[in-house]
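Enquirer: for reference, the sequence and a predicted model appear below.
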Amino acid sequence: LLREEEEKEQKRPVLLHGVTGSGKTEIYMQLIEHVIMAGKQAIVLVPEISLTPQIMERFISRFGKRVSVTHSRLSLGERLDQWRKARDGEISIIIGPRSALFMPFSNLGVIVMDECHESSYISDVTPKYHTREVARKLSELTGALLVMGSATPDIDSYHRAVTGEFLLLQLKERTKGSHLPEVFVTDMRKELEDGNRSAFGLPLQQAIRENLEKGQQTMLFLNRRGYSTFVSCRKCGEALTCPSCNVSYTYHASDKALVCHYCGKEVPVPKTCPSCGSHYIRYFGTGTQKIEEETRRLFPEASILRMDADTTTGKNGHARILELFGKGKADILIGTQMIAKGHDFPNVTLVGILAADLSLNLGTYQAAETCFQLITQAAGRAGRGELAGRVFIQTYQPENHAIRMAAAQDYEGFYQEEILLRQAMEYPPFSHIFSVLITGEMEQEVILAAQRLGAYMNHYAERAGCTVVGPAPAPLPKFRGEFRWQIFAKGTDADRLKAFVLYTVEQTKKDVSREIRFHLAFLA
């Protein structure tokens, strides 16, 4: 079916929905081989730099020197070299994150967008763009086939596929005779009632011990780096926050420092509370560093690696850790979402998902979708070889539909529940959302500009067929010294919505300080 679509003059985008371990990468390679034999080129997009080494290795073993890679960890000179090779026809395949889409191939045949659901495909810096939409336009201009693959497609893409806008192809079983892992849900509320205050439920502790005895590997997933979530005074309750961003510092045990994960500011841990002067400074919450420490305490015989943004600095940070784990140099790999997708380690038979419901508290309409995707992708790392896999999901909300469906590994069931909720609330894909972020160094000027824009929007909203939400402080109300407010506009006609937002923003700019900035983003 892919070959047939590739040979058509008018090609539909293809959504390849396959369970984890179903052979999507092999299908990409067979399609690319066909394209290269026809004298054309291929772009392979991956959402994370961490996925590049493993997929690069597979493509080089198949296509040799016709393959190259580009990403932000390369120097400017190295990236320029790859750009020139693409322009001069020295390579036929480029692999990399969203920037690889702009390589100057003269005869593009296919664009592969692996793990197409990932939010990293949406650029949140200027120029802002959604890689899927840019790739779709590029495929129209060049006649190339766009293939998007995922075990957990975003709701919008899957809706487009089931309604016929995209061609839907499905892989429902794993390759090589392996099966989807057995999944267990641990209710951490009950663990706490039973006196277990560890980050590890007793069932997961027992499973890790069994795995160590068998010489099999374990992956532990927690979508939060650092040691503790925040540091607070137990006397006055004051949390220590970054003065530039107004968000809590995260404690990093390795550096014995407080770090702001937004602006990078790093300060030593105070011995007394800056607010009340007490000595009762305590650490709250948990992060990957703290999980590593507790894992070493519970399983002193285990060899442990940690993979997060703090341990993968430098050009080859990801590759070094993955290579060590792939060669069996460690029993347990602990990591954030960068270990939850795409990686293939045959000896990993156990995956523990800690605090699985963290993503449910994101405060966006996509929170359940994000939670389902992360759990399903993390669970998919288990049992990819001949050995059977087990997954332990630890949660305080076992009844939530995202948790239930992820445990059942039932994407269609989750989609059916989620699409009904979206339709009832008129969220995408049944509407479009435009956001306006208002920023500036003077708080009162930012508030005034937000209120002025809100007044303009509400005045014209009815005739534009739009709904306005806000203005309100942004989830991150202060960032790098700037105050931030936001407004959302929602409508069913994308063109009218864009025109409405652009017009009202231009009107507002005439009435407010020139120091105020308006950041526009079409979200869906």
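Expert: Yep, it's here.
Enquirer: settle this for me: Glu266 is touching Tyr251, isn't it.
Expert: No. Here Glu266 lies out of contact with Tyr251, judged by C-beta atoms under 8 Å, at a distance of 11.1 Å. From N, CA and C alone the C-beta is placed, and that goes for glycine too.
Enquirer: any shared contact partners between these two?
Expert: Contact criterion C-beta atoms under 8 Å, 6 or more residues apart in numbering; residues shared by Glu266 and Tyr251: 257-259.
Enquirer: most neighbours, which of these?
Expert: Within the shared contacts of Glu266 and Tyr251, most neighbours by other C-beta atoms under 10 Å means Leu258, with 23 neighbours.
Enquirer: wait, that one sits on Ala239?
Expert: No. Taking contacts as C-beta under 8 Å, Leu258 lies outside contact range of Ala239: 10.8 Å.
Enquirer: residue ranges of each domain in the chain, please.
Expert: The record's domain split for the chain, according to automatic domain parsing, is 2-171, 182-226+287-423, 228-284, 432-522.
Enquirer: lowest average confidence across those domains, which one?
Expert: Note on the domains of the chain: domain 228-284 shows the lowest mean pLDDT, a mean of 75.
Enquirer: distance to Met425 and secondary structure added to the shared contacts of Glu266 and Tyr251, as a markdown table?
Expert: As requested, the shared contacts of Glu266 and Tyr251 are exported to a markdown table (distance: C-beta to C-beta, whole Å; DSSP: H, G, I helix; E, B strand; the rest coil):
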| residue | distance to Met425 | secondary structure |
| --- | --- | --- |
| Ala257 | 42 | strand |
| Leu258 | 39 | strand |
| Val259 | 37 | strand |
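Enquirer: of the residues you listed, which is the nearest to Leu358?
Expert: Nearest to Leu358 among those is Val259, at 18.9 Å by C-beta to C-beta.
Enquirer: list the contacts of the closest one.
Expert: Counting by C-beta under 8 Å, 6+ apart, Val259 has contacts 226, 249-252, 265-266.
Enquirer: and the lengthiest helix in the chain, what does it pack onto?
Expert: If you go by DSSP state H, the chain has its longest helix at helix 443-464. Contacts defined by 3 or more C-beta pairs under 8 Å, 6 or more residues apart in numbering; DSSP states H and E place helix 443-464 against strand 432-440, strand 466-479, strand 482-491, helix 494-509.
Enquirer: between that helix and helix 494-509, how many degrees?
Expert: Interaxial angle, helix 443-464 versus helix 494-509 (axes from the mean of the first three to the mean of the last three C-alpha atoms, to 10 degrees): 140 degrees.
Enquirer: okay, the angle between helix 443-464 and strand 482-491?
Expert: Going by the same axes, to 10 degrees, helix 443-464 makes 10 degrees with strand 482-491.
Enquirer: got the angle between helix 443-464 and strand 432-440?
Expert: Using the same axes, to 10 degrees: helix 443-464 against strand 432-440 is 160 degrees.
Enquirer: what's the angle from helix 443-464 to strand 466-479?
Expert: 160 degrees.
Enquirer: now do the buried residues in helix 443-464.
Expert: Residues of helix 443-464 classed as buried by neighbour count (16 or more other C-beta atoms under 10 Å): 445-454, 456-457, 461, 464.
Enquirer: could you do stretch 507-515 as well?
Expert: Neighbour-count burial for stretch 507-515 flags 507-509, 512 (criterion: 16+ other C-beta under 10 Å).
Enquirer: cool, and stretch 488-495?
Expert: Neighbour count says stretch 488-495 has 488-491 buried, by 16+ other C-beta under 10 Å.
Enquirer: so what would you say the end-to-end distance of that stretch is?
Expert: Start-to-end span of stretch 488-495 (C-alpha to C-alpha, to the nearest Å) is 16 Å.
Enquirer: same check, this time on stretch 297-308
Expert: 20 Å.
Enquirer: remind me what the one helix or strand Leu80 maps to packs against, helices and strands.
Expert: Assessed by DSSP states H and E, Leu80 sits inside helix 76-87. In terms of contacts (3+ C-beta pairs under 8 Å, 6+ apart), helix 76-87 is packed against strand 67-69.
Enquirer: chain center to the strand it packs on, what's the gap?
Expert: With C-alpha atoms, centre = their mean, to the nearest Å as the basis, strand 67-69 stands 23 Å off its chain's centre.
Enquirer: just stretch 324-340 next, same as before
Expert: Counting by C-alpha atoms, centre = their mean, stretch 324-340 comes out at 18 Å from the chain centroid.
Enquirer: how about that stretch as PDB, C-alpha atoms only?
Expert: In PDB, the C-alpha atoms belonging to stretch 324-340 read as follows (Å, rounded to 0.1, in the frame of the first residue of the first chain):
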ATOM      1  CA  LEU A 324      27.000   1.200  27.700                       C
ATOM      2  CA  PHE A 325      23.500   0.000  28.500                       C
ATOM      3  CA  GLY A 326      23.100  -1.700  25.100                       C
ATOM      4  CA  LYS A 327      26.400  -3.700  25.800                       C
ATOM      5  CA  GLY A 328      25.000  -4.800  29.100                       C
ATOM      6  CA  LYS A 329      27.300  -2.700  31.200                       C
ATOM      7  CA  ALA A 330      24.500  -1.700  33.500                       C
ATOM      8  CA  ASP A 331      21.600  -3.600  35.100                       C
ATOM      9  CA  ILE A 332      19.300  -0.600  35.500                       C
ATOM     10  CA  LEU A 333      18.800   2.500  33.400                       C
ATOM     11  CA  ILE A 334      16.900   5.400  35.000                       C
ATOM     12  CA  GLY A 335      15.700   8.300  32.900                       C
ATOM     13  CA  THR A 336      13.200  10.900  31.800                       C
ATOM     14  CA  GLN A 337      11.100  10.800  28.700                       C
ATOM     15  CA  MET A 338      14.200  10.600  26.500                       C
ATOM     16  CA  ILE A 339      14.500   6.800  27.400                       C
ATOM     17  CA  ALA A 340      10.700   6.200  26.900                       C
END
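Enquirer: list the buried ones in it?
Expert: Neighbour count says stretch 324-340 has 325-326, 330-340 buried, by 16+ other C-beta under 10 Å.
Enquirer: of those, which pair is most distant in space?
Expert: Asp331 and Gln337 (21.5 Å).
Enquirer: before we move on, back to that, out of the helices and strands packed on helix 443-464, flag the one nearest Lys214.
Expert: Nearest to Lys214 among those is strand 466-479; the distance by C-beta to C-beta comes to 44.0 Å.
Enquirer: so what are the sheet partners of that closest one and their directions?
Expert: Note on strand 466-479: by DSSP bridges, its sheet partners are strand 482-491 (antiparallel).
Enquirer: from the chain's centre, how far out does the partner strand sit?
Expert: For strand 482-491, the distance to the chain centre is 22 Å (C-alpha atoms, centre = their mean).
Enquirer: give me the contacts around that strand.
Expert: 426, 431-443, 446-447, 449-450, 453-454, 457, 461, 464-474, 476-478, 497, 500-501.
Enquirer: redo that, cut-off 7 Å
Expert: 431-441, 443, 446-447, 450, 453-454, 457, 465-474, 476-478, 497, 500-501 (C-beta atoms under 7 Å, 6 or more residues apart in numbering).
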